[in-house]
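> Let me see the structure of the following:
(chains A and B)
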Amino acid sequence: MKPLSRKTKTRLMIIAFALLLFSVSLTPLAPEAEIMTRLMADAIGIDVTDEGVVVTAKTINSGTAEVVSGKGEILREALQNIDERYGRKLELGHCGLVVLGSDLDRDDMVSIFMSILSDASVNAGCSVVAAKEKAQKIIEDTQNLPESTNDGLTGYVTFSDERLAVTVPSVLEFAQALRSKSATGILPIIDLQKKESESGGKGGNQGGGESQSGSSGQTQSDEQSNGDEATEIVPPKTHRVIGETVYDISEADSYGLMWLQERTKEGLVATELEIKGEKFTVRAIIEKKKSSIDAAFDHGPSITLSVEARLRLVDRYAVLYVVEQGMSLDDVMSEIEGSYKKTVSDEIKVTAEMSRTDDFLGYKTYLYRADAKMYNAWSGDLNEVSIKYDTVISVV
Amino acid sequence: MEKDKVKFRQFLCITFLIAIAMKMFMLPVLLMRVSGRDSFIVMLLVLFTELVLLAVVATVIFLSGKKNLYELLKSAFGSVGSKIIITTVSVFYLIKLFMSLVDVRIFFSTSVFGQPLNVWHVLPMILLVLYFAIKPLAAMGRLSEICTPIVIISMILLGCLTLPEVEFGGLNPLLAEGWSKIGGGYTTFSMWYGDFTLLLMLTGKVTFGKKQATGSGKIYFSLISALVAFVFLMVFSTVLFAAYGDMTEVLTYGHNISNMTQYAVGSYKFGRFDLIIFCLWLTAVLLSAGMMMNFFAHGMDFAFGRKAGKGVTVAAGIVILIATALFTDLNRVTEFVTTYMWIPSMIVQYGFPLVCLAAAIIAKIKDKNIRRVQGEAVKSQN
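A predicted model of the protein is given here:
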């Protein structure tokens, strides 16, 4: 093929530029950008009523947040209903949070999550939490969260997962738990409450000086400039177990979860000890934590719960006071470590024993993974499982 | 002609890209639908077989010396026999190219656009692939050199985003139901294996520097290149197997490894940049598709002559375009291929290299005999 002459090349360039300019002039005819035809969901809430499924979504478009909702017999219909009611398609690809209402049972959740994962409509890494009561109420009330709340409810939940000693499972993790041999999942419960009306702002609640463990507290409250009653987030300290039955467990019973769930970080831990007739409450922050659940079939099914943690004292003055009374520092630290070990072991035991009923820690899953043949031959009665504890605590 | 040759470094890059191209889309999900979490073992077996196949291909290239594929087959099986073989294999690669486009369409329909792609979306890729058919091999070699670092970086980035969040314990227990699921997974999806057979088109065309034009033992380093690619592939596939091991029914034809990259913490917060990274990974598919078309085009040139061959190649492009427009139910297409094409796939992709190996050995023996006869003739003259 002959190389093109300079004249021909120039002509081709001119034609190419002319075509480009012509196509730019046609832009008024171009259809509206696809993003403008979508409702970008930031968080969705799912409830079940006698009529079917109710989906409530907090959407953000062009910086404006609003709440939309739809109903249907199944999830897909409810989402379709939103499209029809608002004339825009609900886009779930950027949804960061799924809130599940208190009226959903395990079968409802399995069918919802299988649908979500099968469609690949929601990001598999999206967080899942349980609502105290109705998910719709949670989503609607997020409209009144103060500006200082970290990026709305979705941001707060992400913050909780990273910094508040709570493990918030993802859509995929939760679905895995429901479909595993244990067939049980556990979710942190989130709630919003009306801020108590007082003039001026309220001081932040630091999570309680007497709390054994849990969040270091994050409550923001402020008057809304538009006059709407402000809401504040109740830190997620309680959990909902979703198994054959669905029930909530208290904050105290949830402490063991903080130790046993691998991803939980930080958190304030307190223990009480008595030295020379005086009682002390010592507090420490979890600086480093490692936990594991190991299963084996040694003369029957056995589970070993191992926790290794390093705690950093926050009120060292209490320690120094005792040292000034004549006790050596090593002896004091040894007493504190012993006390913490007992506290932590007790908290773990409470949660571990509760899990025999509904297996939210996944004993059956771990046993199945350890030895499928022995698992199939086993009766499946969790009361036969011997649970061993291996707790190592160091205090600095 | 130097334009029709690739350098050894480029050959390694091509091997790397071909190793992952077609397997990274649908294969892990397809395997899971049949073998569940035991797909991990099936995948290991498949990749081991692929390495053996690559070793056979490398041996053909090593033994053939300066002879290209067509000369090799012609010298062993004659003109007619070699044309029949090449035509059969070329047509098979045309079908495989169509399947490659089906995988791309399914990926973009499900993961990117959320709606089915029509023929106009695929037309640019078909035109590009046809363009590859007329370009010399050196162009593909250069393209592979440019794409390989991009693909490697994108895979490392995706790995860094995804791997820390994965619970690999979900892979257990393997073989919980024995070996019953392994056979089905291994054989059914043979259309997605045997990619290294394409490398036979580079027979006699790999240069090893000035001192040695062709036929060096260095060709076996391509096994390392393939192994590196397989490590990446195995890691990402294992993530999928571990995550969905208990709920394989959730997986549809639209799922693929990119769904695992969604798992990247915060990707919903910062946008789906994992898709951009994954699209860089897709350049491997582009090269693989281009090579299939190039194989077809050169095969038709060999079988029917240059002029007629060009016409057949253009006609093939039109056929692919029409097939893309007609076959819109891509799930059915995938099901048809897995049900009816697995035997032909195995025969062509694993049989053809063995045929070429036989041809290379026959050619080597013939050359030896000719040299011996010539040597004896010279001696007798002296």
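
> separation between B:Leu17 and chain A?
26 Å (Cβ to the nearest Cβ, to the nearest Å). In short, each C-beta sits where N, CA and C put it, glycine included.

> In this structure that residue contacts B:Leu282, no?
No: taking contacts as Cβ atoms under 8 Å, B:Leu17 lies outside contact range of B:Leu282: 10.8 Å.

> tell me, what's touching those two both at once?
Shared contacts of B:Leu17 and B:Leu282, defined by Cβ atoms under 8 Å, 6 or more residues apart in numbering or on different chains, are absent.

> And the two? Which one has more around it.
Neighbour comparison, B:Leu17 and B:Leu282: the larger count goes to B:Leu17, with 26 against 19 (by other Cβ atoms under 10 Å in any protein chain shown).

> can you give me the mean pLDDT across the strand or helix carrying B:Val151?
Using DSSP states H and E, the element containing B:Val151 is helix B:137-162. In this model, helix B:137-162 has a mean pLDDT of 87.

> what's the following helix or strand after that helix?
helix B:180-188.

> So what's the residue count around the residue nearest to B:Ala76 when sequence neighbours are not counted?
Using Cβ to Cβ, 6 or more residues apart in numbering or on different chains and skipping the chain neighbours, the partner closest in space to B:Ala76 is B:Ala359 (3.6 Å). B:Ala359 is flanked by 26 other residues according to other Cβ under 10 Å.

> Which strand or helix spans B:Ala359?
Counting by DSSP H and E, B:Ala359 is part of helix B:342-381.

> between that helix and helix B:180-188, how many degrees?
60 degrees (axes from the mean of the first three to the mean of the last three Cα atoms, to 10 degrees).

> According to the record, where do the domains of chain A fall?
Chain A breaks down into these domains under automatic domain parsing: A:33-249, A:260-396.

> before we move on, the earlier item: kindly state the pLDDT recorded for the residue nearest to B:Ala76?
94.

> Let me see the contact set for it.
B:Val60, B:Leu72, B:Leu73, B:Ser75, B:Ala76, B:Phe77.

> The third one and B:Cys356 touch, don't they?
Yes: at 7.1 Å, B:Leu73 counts as touching B:Cys356 under the criterion of Cβ under 8 Å.

> Kindly provide the distance from the residue in the stretch 1-150 of chain B positioned nearest to chain A to B:Val104.
For the stretch 1-150 of chain B, the nearest residue to chain A under the criterion Cβ to the nearest Cβ is B:Thr110, separated by 6.2 Å. Noted for B:Thr110: a distance of 11 Å to B:Val104, by Cβ to Cβ, to the nearest Å.

> tell me the phi and psi of A:Lys7?
Torsion angles at A:Lys7 (phi, psi; degrees, to the nearest 10) stand at phi -60, psi -40.

> which stretches of chain A form helices?
With DSSP state H as the criterion, chain A has helices at A:6-25, A:75-86, A:106-119, A:135-141, A:152-163, A:171-179, A:251-260, A:316-324, A:329-358, A:363-370, A:372-377.

> what about the fifth one, near chain B?
The one in question is helix A:152-163. Yes: interface with chain B: helix A:152-163 contributes A:Thr154, A:Thr158 (Cβ under 8 Å from any Cβ of the partner chain).

> what's the offset of stretch A:284-302 from the middle of its chain?
21 Å (Cα atoms, centre = their mean, to the nearest Å).

> related to what we said a few turns ago, check the offset of the helix holding B:Ala359 from the chain's centre.
Distance, centroid of helix B:342-381 to centroid of chain: 25 Å (Cα atoms, centre = their mean).

> neighbours around B:Phe230, how many?
22.

> need the contact list for it.
So B:Phe230 contacts B:Ala19, B:Leu47, B:Glu50, B:Leu51 (Cβ under 8 Å, 6+ apart).

> Try it again at 10 Å.
B:Phe16, B:Ala19, B:Ile20, B:Lys23, B:Met43, B:Leu44, B:Val46, B:Leu47, B:Phe48, B:Glu50, B:Leu51, B:Ser237 (Cβ atoms under 10 Å, 6 or more residues apart in numbering or on different chains).

> With A:Gly185 instead?
A:100, A:106, A:109-110, A:113, A:128, A:130, A:169, A:173-179, A:240-243, A:246, A:358, A:360, A:362.

> Get me the contact residues on the stretch 1-150 of chain A for chain B.
Contact residues, the stretch 1-150 of chain A versus chain B (Cβ under 10 Å from any Cβ of the partner chain): A:34, A:38, A:42, A:89, A:91-97, A:110, A:113-127.

> The closest residue to chain B within the stretch 151-300 of chain A: neighbour count?
Chain B sits closest to A:Arg179 of the stretch 151-300 of chain A, with a gap of 4.5 Å, by Cβ to the nearest Cβ. Using other Cβ under 10 Å, A:Arg179 is surrounded by 22 other residues.

> try B:Lys379
8.

> OK, contacts around A:Asn61?
Contacts of A:Asn61 (Cβ under 10 Å, 6+ apart): A:Ile35, A:Met36, A:Arg38, A:Leu39, A:Met40, A:Arg88, A:Glu91.

> Please name the bridge partners of it.
Beta-bridge pairing for A:Asn61 (DSSP bridges): A:Thr64.

> for A:Gly70, same thing?
If you apply DSSP bridges, the partners that A:Gly70 bridges to are A:Val55.

> distance of it from A:Ser121?
In terms of Cβ to Cβ, A:Gly70 sits 14 Å off from A:Ser121.

> So for the two, which residue has more residues nearby?
A:Gly70 (21 against 18).

> who are the neighbours in contact with that one?
A:Gly70 touches A:53-57, A:77-86, A:90, counting by Cβ under 10 Å, 6+ apart.

> Repeat that for B:Leu198.
With Cβ under 10 Å, 6+ apart, B:Leu198 has these contacts: B:14-15, B:18, B:21, B:57, B:89, B:93, B:96, B:288, B:291-292, B:294-295, B:349.

> Filter those down to the ones in strands?
In strands, judged by DSSP state E, none of the contacts of B:Leu198 are found.

> Filter these down to the ones in helices?
B:14-15, B:18, B:21, B:57, B:89, B:93, B:96, B:288, B:291-292, B:294-295, B:349.

> Export those residues to CSV and append columns for neighbour count.
What follows is these, written out as CSV (neighbours: other Cβ atoms under 10 Å in any protein chain shown):
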residue, neighbour count
B:Ile14, 29
B:Thr15, 28
B:Ile18, 26
B:Ala21, 26
B:Val57, 24
B:Val89, 25
B:Tyr93, 22
B:Lys96, 27
B:Ser288, 23
B:Met291, 27
B:Met292, 29
B:Asn294, 23
B:Phe295, 25
B:Gln349, 23
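
> which two in the residues you listed are spaced the farthest apart?
B:Thr15 and B:Val89 (19.0 Å; Cβ to Cβ).

> weakest of the helices of chain A by average pLDDT?
helix A:316-324 (a mean of 71).

> Could you tell me the angle between that one and helix A:329-358?
130 degrees.

> Residues in contact with helix A:316-324: which ones?
Residues contacting helix A:316-324 (Cβ under 10 Å, 6+ apart): A:273, A:275-276, A:278, A:280-284, A:313, A:315, A:327-333, A:335-336, A:395.

> among the contacts of A:Asn61, which ones are buried?
A:Arg38, A:Leu39, A:Met40, A:Arg88, A:Glu91 (16 or more other Cβ atoms under 10 Å in any protein chain shown).
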